[in-house]
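K.L.:
model this:
(one chain, ligands or ions: 1)
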Amino acid sequence: MTTFEDVVSKAKTVAGAAGKKTSEFIEVTRLKIEIAELEKETSSILEGLGRLVYDAQKAGEDVSSLIDECAVRLDGCQEKIDELRKKIDEVRSAVRCKDCGATNTDDSIYCKKCGARIV
Ligand SMILES: [Zn+2]
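P.N.:
All right, here's what the predicted structure looks like:
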């Protein structure tokens, strides 16, 4: 027999699962924005670097140490971008419990929150 409590708890479960989906979307969007900002920074460093090399060439200056500095910053940006992309993959590949919507790692068999079988 289905009681009123069952109906309410079912509704809560569905709402919970929807909430998880939304937070996954928000998390991925947030990470994508961070990546876009880092890509913008990368572009502006590269642009500045191009100008620097050009001006230095014309003026006959040695700017190799500045170029090294830019390279370090560029590597740093790229590393952060790679990390963020990995995080997006993790968020997307996380297995969600169909009963409670909790996030579980993709090798889990039982849900860590409610214990329901996932696979
Ligand atoms: Zn669960």
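K.L.:
contacts and neighbour counts: CA atoms only from here.
P.N.:
Will do.
K.L.:
show me the helices in this protein, by range?
P.N.:
The residue ranges that make up the helices of the chain, judged by DSSP state H, are 4-59, 64-93.
K.L.:
can you redo those as a markdown table with mean neighbour count?
P.N.:
Supplementary listing: the helices of the chain in a markdown table, determined by neighbours: other C-alpha atoms under 10 Å:
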| stretch | mean neighbour count |
| --- | --- |
| helix 4-59 | 14 |
| helix 64-93 | 14 |
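K.L.:
closest to the ion out of these?
P.N.:
Ranking those by their distance to the ion (criterion: C-alpha to the ion) puts helix 4-59 first, at 9.5 Å.
K.L.:
weakest of the helices of the chain in terms of mean pLDDT?
P.N.:
The stretch with the lowest mean pLDDT among those is helix 4-59, which comes in at a mean of 85.
K.L.:
do it and the ion meet at all?
P.N.:
No: interface with the ion: helix 4-59 contributes nothing (C-alpha under 5 Å from the ion), its closest point being 9.5 Å away.
K.L.:
got it, and stretch 96-107?
P.N.:
Yes: with C-alpha under 5 Å from the ion as the criterion, the ion is reached by stretch 96-107 at 97, 100.
K.L.:
ends of that stretch, how far apart?
P.N.:
With C-alpha to C-alpha, to the nearest Å as the measure, stretch 96-107 spans 12 Å from end to end.
K.L.:
list the buried ones in it?
P.N.:
Across stretch 96-107, burial judged by 16 or more other C-alpha atoms under 10 Å covers 96, 97, 99, 100, 101, 102, 103, 104.
K.L.:
distance check, residue 104 against residue 36.
P.N.:
From residue 104 over to residue 36 the distance is 28 Å, taken as C-alpha to C-alpha.
K.L.:
perfect, that will be all.
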